[in-house]
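> generate a structure from the sequence data that follows.
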Amino acid sequence: MAKEYEIFPLDPIKSLEKRVEKLESTVSGKNIGHDYLELVRTNQQVVDDLVKMNAEVINKLLSLSESINNLVSKLNEFMMKFEVAGGEESETTKLLVEENKKMKTTQEELLDKLSRLEKRVNALVLSRIPIKRPVSPRKP
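Have a look, this model is predicted:
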């Protein structure tokens, strides 16, 4: 029996070898897929945490809104009481207002009298000061 030989060009064989190497490298890329899955899980955990924090912030804002509404209503009640108390003038308030007016007129009268007294004292002091007349030079 005689052996038969065939001659093949090397280019197609080398291209097939390159394709096999690429396939083998993608098969070893299964670890990359696992890394991607782990990254997706981590991202999902971060998203879940953000959703929980967002829900907590919304709840706190709602409770803050309720507290502010309560504060506003209490302030309104306080202002209503203040307006009612301010609107009613009691007898003591009227008496105090009248006393203030009397004291004001008395003070004005005292200030006027003090002003007149000051003018008299100044006039008296000025009248007792001797007036110095300039000496005129004597002519020889």
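> so what's the gap between the helix or strand containing residue 121 and the chain middle?
Using DSSP states H and E, residue 121 maps to helix 91-128. Centroid displacement of helix 91-128 relative to its chain, using CA atoms, centre = their mean, to the nearest Å, is 51 Å.
> now do that helix: which elements does it pack against?
Contact partners of helix 91-128 among helices and strands, from 3 or more CB pairs under 8 Å, 6 or more residues apart in numbering; DSSP states H and E: none. C-beta coordinates here come from the backbone N, C-alpha and C atoms, glycine included.
> what average pLDDT does it get?
Averaged across helix 91-128, the pLDDT comes to 88.
> now do stretch 2-22
So the average pLDDT for stretch 2-22 ends up being 81.
> quick one: contacts of it?
Counting by CB atoms under 8 Å, 6 or more residues apart in numbering, stretch 2-22 makes contact with no residue outside itself.
> now residue 73: how far from residue 61?
19 Å (CB to CB, to the nearest Å).
> so where do the helices sit in the protein?
10-27, 30-87, 91-128 (DSSP state H).
> now the ones you listed as JSON lines including mean neighbour count and distance to residue 4?
Converted to JSON lines, these look like this (neighbours: other CB atoms under 10 Å; distance: least, CB to CB, whole Å):
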{"stretch": "helix 10-27", "mean neighbour count": "10", "distance to residue 4": "19"}
{"stretch": "helix 30-87", "mean neighbour count": "10", "distance to residue 4": "42"}
{"stretch": "helix 91-128", "mean neighbour count": "10", "distance to residue 4": "132"}
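> export the ones you listed to CSV and tack on distance to residue 3?
Below are the helices of the chain laid out as CSV (distance: least, CB to CB, whole Å):
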stretch, distance to residue 3
helix 10-27, 20
helix 30-87, 43
helix 91-128, 134
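> quick check: domain ranges of this structure?
Domains of the chain are assigned by automatic domain parsing as 11-88, 89-128.
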